[in-house]
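Student: Just the structure for this:
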Amino acid sequence: MHLTGNQTWRSAPQNKHSKSQLLRNAALMTEHNLRNTPAYFPSSCSCHLAAHSQLPWLSCVLLLWQGHRNAISCLAASSDRFLLVSADAGSDSLLVFWDPVSCQPIRTLQQPHTAGVAAVAIAPDASQMATLSAVDASTGLQEISVWDLRPLTASPSSTPMTAAATTPIPTGDVQTCVCYNQNDMSELVTNGRRRSYFWRSQLPGSKLISYYSPPLKASDFHQEVGDFVTSVFVPGSTQALTSTPDGDVVVWDEQGQSAQMGTRATDRRAIKIMRLHGSAIHHLSTIGDFVVSGGADGLVRFFDSMLRMCAWFEQLDAGPVGCVSFATKGQQHTQALMLMQRLEAPNFMVSTLSGKLLAVTSNAFNNPDLDNPSGAELLMESPAAGSIADVAAHPLRAELLLLNSEEGQLLRWNLVDRSCVVMRQLSRDYKLVRMVLARDGSFVVLGCEAGHVVVLKGDSLEDVVVLRNSRHPIVRLSVSSSGQYIAAADGSGQVILYGYLPYKGSFLRWDLVGRYKAHHDAVVGLHFGEAPSGQTRLFSLGADKRLIEYDITNATAANTGLSAAAVTDVVAPGGAGSPCSMCFAPPMPYYSHSSLDTLLLIADDAYKIKAYNPDTRTACATYLGPTFGGPIRKLLPFR
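Tutor: Residues are numbered from 1 along each chain as shown. This next block holds a predicted model:
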């Protein structure tokens, strides 16, 4: 997760975890009492509110705020927590002002920049807002804009809003972070990977934003300087900081009398490099007179204006810190200080790159509890730290099975208390891509990019068997309702059938029944089903418009291998639409004789869904499916 103490969140596409979990990146708006705390975070095209309750049986309630068409790229909150801003990047981008109390949008700006918004920051007094545009793919340009928010607070709905000042950013280094100077709100700092820019805007009245970008050379400090991550101004001084993945910060300060020709005394230059953490610093913010940092080493530290460490929270044990946000509702100028060696600061929340959201009591630094010395309470946890390749719901328990392909992990996730029950780490060489769970939950089947099929126990996720009968990626998996058969389709269009069969007359084991080269195009559907008579049937559907039923009975009894019992073209020659997905239709009582017929639901790329009878080879009905978001790629019947 990624939070910032100045209540600004921005997406971090350069981070390998940026697409992985629900709570990885967030911006929180916290109240004084962390036992009843609303937290706001983006997830894809929606904004979530997580209300932490005191009720022991209801630890967190999620409310969904929708409105964005593209994935949310940044989120910001005012210091007093009475205004929340979300924005996205892409075509038809939006910037939305939200009222956190009513959970309703106050104002929506359509395409505030041509390519959308990459980062946003709100001034400490909420009088103005700065936005960094995403890079325009057609021109390669990026710009920074400053917006006057006073008309918004005076008349939220009627006053039109336009940028008060806009300036193009010099090409060469895409800027990813923007931050206001707490001491002088006419000044901002932005940074990309290799350059920082200091901007000055005179509002109202001026349409220009002047800037200065100080040079930085490794030879100036006799050491290599890593890429820039985030920036912040130091309270009560003229300095600013920019963090790096090495755990260092570059300290910028005004040149004063040493200003070179063509520069001003107030222009900044790099004066030193300091080590604040042992690894990457993902978070820099301010609270009161403190600079707050959060690092990949899992530590949260407080520094004074001279960058002396005053307080630290080093036993969070929640993974790399992505962001920190303080409980400052109703306060524009929050007080935080060291008084008699005691930390006087608001409580705060921490989000981590491992997907955890923590509520931390600041007084724990002064009076640590032996049972919980960090003062942290886990509010929420995301299921996995990598991309989820597949999901399966347990048929008997409130659990999900999550397949994390990047990390080679399989997790049993409890939906009630939002925790991981069992995690199985598999070899990354498998490159897991597909998963299916048995109908009774007794075993789980995984498909690998190398063509292997892995069978695990459903509860402990321990190995049962690894079946190696293909060299092509497994693209589809299915398990019969009896749990006796497993079917797999690979990237070559081949369908493979496995059975739980007697071995040498002594015990049962999973073994190959047969293979059949079914399709000359991608297999888009593979399903077991039961006919009304109770017979188990297996069908596969290909993008080649062929529906194939397999002879399971003879393949098992006569040991003759897998063969096709029937081959049908589900689309007439010259007909429009290629199949995209398939499933067995649930009982449809409004059809006559529906209890006697086997029906398949077939979706195609023409947005149609057909109820198809494979026995009569006719379509009983055709429906118009959703025409937005692309064709249906998966159909799943449920009760």
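
Student: Okay, now the unreliable bits of the stretch 1-150 of the chain?
Tutor: Applying pLDDT under 70 to the stretch 1-150 of the chain flags residues 1-64.

Student: just the strands in it please.
Tutor: Using DSSP state E, counting those that start in this stretch, the strands found in the stretch 1-150 of the chain span residues 8-10, 38-43, 46-52, 60-66, 72-77, 84-88, 94-99, 104-110, 117-122, 128-133, 142-148.

Student: Run a quick neighbour tally on Val174.
Tutor: Neighbour count of Val174, defined by other Cβ atoms under 10 Å: 17. Every C-beta, even on glycine, is put in place using the N, C-alpha and C of the backbone.

Student: and it, helix, strand or coil?
Tutor: Taking DSSP: H, G, I helix; E, B strand; the rest coil as the rule, one finds Val174 in the coil state.

Student: Please name the nearest non-neighbouring residue to it.
Tutor: The spatially closest residue to Val174, leaving aside those adjacent along the chain, is Gly192, at 5.2 Å (Cβ to Cβ, 6 or more residues apart in numbering).

Student: cool, and Asp88?
Tutor: Nearest residue to Asp88, sequence neighbours excluded (Cβ to Cβ, 6+ apart): Asn70, at 4.0 Å.

Student: wait, the one you found sits on Gly90?
Tutor: Yes: between Asn70 and Gly90 there is a contact at 3.7 Å, judged by Cβ atoms under 8 Å.

Student: Identify the contacts common to those two.
Tutor: Gly116 (Cβ atoms under 8 Å, 6 or more residues apart in numbering).

Student: These two: who's more crowded?
Tutor: Applying other Cβ under 10 Å to Asn70 and Gly90 shows that Asn70 carries more neighbours, namely 17 against 14.

Student: sorry, back to before: measure the residue nearest to Val174 to Asp99 for me?
Tutor: Distance, Gly192 to Asp99, by Cβ to Cβ, to the nearest Å: 33 Å.

Student: hmm, back to that, need the pLDDT of the residue nearest to Val174.
Tutor: You'll see Gly192 listed with a pLDDT of 95.

Student: Quick check: it touching Thr230?
Tutor: No: using Cβ under 8 Å, Gly192 makes no contact with Thr230, being 11.1 Å away.

Student: mind listing the helices for the stretch 201-350 of the chain?
Tutor: Listed in chain order, the helices found in the stretch 201-350 of the chain under DSSP state H, counting those that start in this stretch are 218-221.

Student: so where's it shaky on pLDDT?
Tutor: Within the stretch 201-350 of the chain, the stretches with pLDDT under 70 are 203-206, 259, 262, 330, 332.

Student: Report the spatially nearest residue to Leu410, omitting neighbours in sequence.
Tutor: Arg424 (4.5 Å).

Student: Touching the helix or strand harbouring that neighbour from outside, list them.
Tutor: For Arg424, the element it lies in under DSSP states H and E is strand 419-425. With contacts defined as Cβ under 8 Å, 6+ apart, strand 419-425 is touched by 381, 383, 399, 407-414, 456, 459-462.

Student: Of the residues you listed, which is the nearest to Phe584?
Tutor: When the contacts of strand 419-425 are ranked by distance to Phe584 (Cβ to Cβ), Glu399 comes first, at 23.8 Å.

Student: what's across from the closest one in the sheet?
Tutor: Beta-bridge partners recorded for Glu399 (DSSP bridges): Asn414.

Student: my guess is it meets Asp417, correct?
Tutor: No: applying Cβ under 8 Å, one finds Glu399 not in contact with Asp417, separated by 10.8 Å.

Student: Between those two, which is the more surrounded one?
Tutor: Glu399 (21 against 10).

Student: Who does the nearest residue to Thr108 once chain neighbours are set aside form a beta bridge with?
Tutor: Among residues not flanking Thr108 along the chain, Val96 sits closest, at 5.1 Å (Cβ to Cβ, 6+ apart). Going by DSSP bridges, Val96 is paired in beta bridges with Ser86, Thr108.

Student: What of Met380?
Tutor: Beta-bridge partners for Met380, by DSSP bridges, are Leu357.

Student: Report the separation between it and Gly408.
Tutor: Distance from Met380 to Gly408, by Cβ to Cβ: 24 Å.

Student: what about Ser279, neighbour count?
Tutor: A count of nearby residues for Ser279, using other Cβ under 10 Å, gives 14.

Student: who touches it in this structure?
Tutor: Per Cβ under 8 Å, 6+ apart, neighbours of Ser279: 245-247, 295-297, 320.

Student: Quick check: ChimeraX command selecting the buried ones in those.
Tutor: Buried residues within the contacts of Ser279, by 16 or more other Cβ atoms under 10 Å, are selected in ChimeraX with:
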select :246,247,295,296,320
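
Student: now, which of the contacts of Ser279 lie within strands?
Tutor: Counted as lying in strands by DSSP state E, out of the contacts of Ser279, are Gly295.

Student: For the contacts of Ser279, work out which two are farthest apart.
Tutor: Of all pairs in these, the most separated under Cβ to Cβ is Asp246 and Pro320 at 14.3 Å.

Student: Which of Gly192 and Thr230 has more residues huddled nearby?
Tutor: Neighbours around Gly192 and Thr230, counted as other Cβ under 10 Å, are more numerous at Thr230. The numbers are 29 against 18.

Student: That one and Pro214: what is the separation?
Tutor: Using Cβ to Cβ, we find Thr230 at a distance of 17 Å from Pro214.

Student: what does Thr361 give?
Tutor: 39 Å.

Student: for Gly247, same thing?
Tutor: Counting by Cβ to Cβ, the gap from Gly247 to Pro214 is 22 Å.

Student: Give me the more crowded residue out of Met380 and Gly408.
Tutor: Neighbour count, other Cβ under 10 Å: between Met380 and Gly408, Met380 has more, with 23 against 17.

Student: My guess is that one contacts Leu357. True?
Tutor: Yes: using Cβ under 8 Å, Met380 is in contact with Leu357, at 4.1 Å.

Student: Tell me which residues are up against the helix or strand hosting Tyr623.
Tutor: In the assignment (DSSP H and E), Tyr623 maps to strand 618-624. Here strand 618-624 makes contact (Cβ under 8 Å, 6+ apart) with 591, 597, 599, 607-613.

Student: Find the pair from those with maximum spatial separation.
Tutor: Greatest spacing in the contacts of strand 618-624, by Cβ to Cβ: Asp597 and Tyr607 (24.8 Å).

Student: Any idea how many residues pack against Val453?
Tutor: Using other Cβ under 10 Å, the number of residues around Val453 comes to 25.

Student: Trp312 too?
Tutor: By the measure other Cβ under 10 Å, the count of residues near Trp312 is 14.

Student: gap between Gln111 and Cys74?
Tutor: 15 Å.

Student: the more surrounded of these two?
Tutor: Between Gln111 and Cys74, counting by other Cβ under 10 Å, Cys74 is the more crowded of the two (29 against 13).

Student: Am I right that the more buried one is in contact with Ala118?
Tutor: Yes: taking Cβ under 8 Å as the definition, Cys74 is a contact partner of Ala118 at 6.7 Å.

Student: check contacts around the residue lying closest to Ser482 once chain neighbours are set aside.
Tutor: Spatial nearest neighbour of Ser482, excluding adjacent residues (Cβ to Cβ, 6+ apart): Thr536 at 6.7 Å. By Cβ under 8 Å, 6+ apart, the contact list for Thr536 reads 480-482, 484-485, 528-530, 552.

Student: List the beta-bridge partners for Lys610.
Tutor: Judged by DSSP bridges, the bridge partners of Lys610 are Ile602, Thr622.
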